[in-house]
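S.K.: fold the following for me, if possible:
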Amino acid sequence: MIQSHGNERSSDLVNLGSTARVSWSTKRAQRRGSPAKRVPLSSDEPIRVDRIVTVADKNLAHELDEWLPSARLCYPGTALHVATDIPEEEFQSITSRLNVENVIRMPLDLSAATPKIQKVNKWADHWILEAIWAKLDTLRSVVTDHPGEGIMLADADITFLKPIDRSFHADVVLSPYYFGDFTQKTRDLDGDLIPLAERDGWFNAGMILTRSKEFCDWWIPQYEAGHPGSFVEQSALELVPGSFATDYLDARHNFGKWRLSPPAPDTASVHMHIHEKSHRTDITMLKIAAQKAAAKARRLLRDNPDKRA
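M.R.: A predicted model of the protein is given here:
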């Protein structure tokens, strides 16, 4: 999926780390090699959600009130890994209050990511570049520690309404944006209007399922390399289908405000900061759907101890 602009292609904005040379005047990367060798499918067994990973620093602690109970209810028995700098005792208090068990706290030190993100541009004040790096590194750590298992990375502002109801013959499962309007514009770092897909790519990095350490080892350097013309955490994902056995989540999953519409009745997960101000009706409807699902999950976990693990 490549959006064309004359002789230009959005995928050309993806940095390839040591294999690319960036022209700051044109904000383009001239490639000098392939992004990765084709990695064969690692197993004939299908991949499914065996574990779920997120990153939630102290500033995102409130997001866990939606993420933890909704993940537990939709994925019973699935280990939930949370990388966080919330102190152990405080974190245990949160999981106890929410009646969620089988949660693995992973220590998070964002300062360790600081030297890794020096080349990465910050597109918005609320983006924490170190946390994005930590997200990718946490995914790699869990994939490494649990070989062969399907690890779902899900941002802390995702609320689950229904589980993924299928398995995939793939090593990486991506979440297409399913943009509500392909003509959406955003501003680049110089303030010029560009297509949103040109900056962000065609896949959202807030929800990914993988069992491939090779993918994780490839993705992190892509982010670290930075690029002035794209949001490389996501735009780099355009190269994944050409290098890894890849499948895709359908439009029910990872329903965000970029859809420009209220959530459909069969929506399975909402990607929405609950405390974000609503300037559009569809955003308000997304927040309501997420809050209702989380409230239902908290109530069921409170009243049914057998569902807590």
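S.K.: where in the stretch 151-300 of the chain is pLDDT low?
M.R.: 228-230 (pLDDT under 70).
S.K.: would you map the strands across it?
M.R.: Secondary structure of the stretch 151-300 of the chain (DSSP state E, counting those that start in this stretch): strands located at 151-154, 158-160, 172-176, 185-187, 193-195, 203-210, 246-248, 255-256, 269-271.
S.K.: okay, those strands in CSV with mean neighbour count and distance to residue 300 next?
M.R.: Placement of C-beta: from N, CA and C, glycine included. CSV is the format used below for the strands of the stretch 151-300 of the chain (neighbours: other Cβ atoms under 10 Å; distance: least, Cβ to Cβ, whole Å):
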stretch, mean neighbour count, distance to residue 300
strand 151-154, 26, 20
strand 158-160, 27, 13
strand 172-176, 23, 26
strand 185-187, 13, 39
strand 193-195, 14, 42
strand 203-210, 24, 23
strand 246-248, 18, 30
strand 255-256, 25, 22
strand 269-271, 26, 17
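S.K.: okay if I get those as JSON lines plus distance to residue 222?
M.R.: Output for the strands of the stretch 151-300 of the chain, formatted as JSON lines (distance: least, Cβ to Cβ, whole Å):
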{"stretch": "strand 151-154", "distance to residue 222": "15"}
{"stretch": "strand 158-160", "distance to residue 222": "22"}
{"stretch": "strand 172-176", "distance to residue 222": "13"}
{"stretch": "strand 185-187", "distance to residue 222": "21"}
{"stretch": "strand 193-195", "distance to residue 222": "20"}
{"stretch": "strand 203-210", "distance to residue 222": "11"}
{"stretch": "strand 246-248", "distance to residue 222": "15"}
{"stretch": "strand 255-256", "distance to residue 222": "22"}
{"stretch": "strand 269-271", "distance to residue 222": "22"}
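S.K.: what is the end-to-end distance of stretch 90-106?
M.R.: Taking Cα to Cα, to the nearest Å as the measure, stretch 90-106 stretches 14 Å from start to finish.
S.K.: cool, stretch 44-52 as well?
M.R.: 22 Å.
S.K.: just how off-centre is it within its chain?
M.R.: 17 Å (Cα atoms, centre = their mean, to the nearest Å).
S.K.: can you check stretch 145-161 too?
M.R.: Relative to its chain's centre, stretch 145-161 lies at 9 Å (Cα atoms, centre = their mean).
S.K.: could you work out the end-to-end span of that stretch for me?
M.R.: End-to-end for stretch 145-161, by Cα to Cα: 28 Å.
S.K.: going forward, the N-terminal residue is numbered 58.
M.R.: Will do, 58 is the new start, and the previous item becomes stretch 202-218.
S.K.: and the helices in the chain, which stretches?
M.R.: For the chain, the helices defined by DSSP state H occupy 121-131, 145-155, 186-202, 253-257, 270-282, 289-292, 338-360.
S.K.: quick one: closest of the strands of the stretch 208-357 of the chain to residue 201.
M.R.: Nearest of the strands of the stretch 208-357 of the chain to residue 201, taken as Cβ to Cβ: strand 208-211 at 9.8 Å.
S.K.: in terms of secondary structure, what does that closest one contact?
M.R.: strand 108-112, helix 186-202, strand 260-267 (3 or more Cβ pairs under 8 Å, 6 or more residues apart in numbering; DSSP states H and E).
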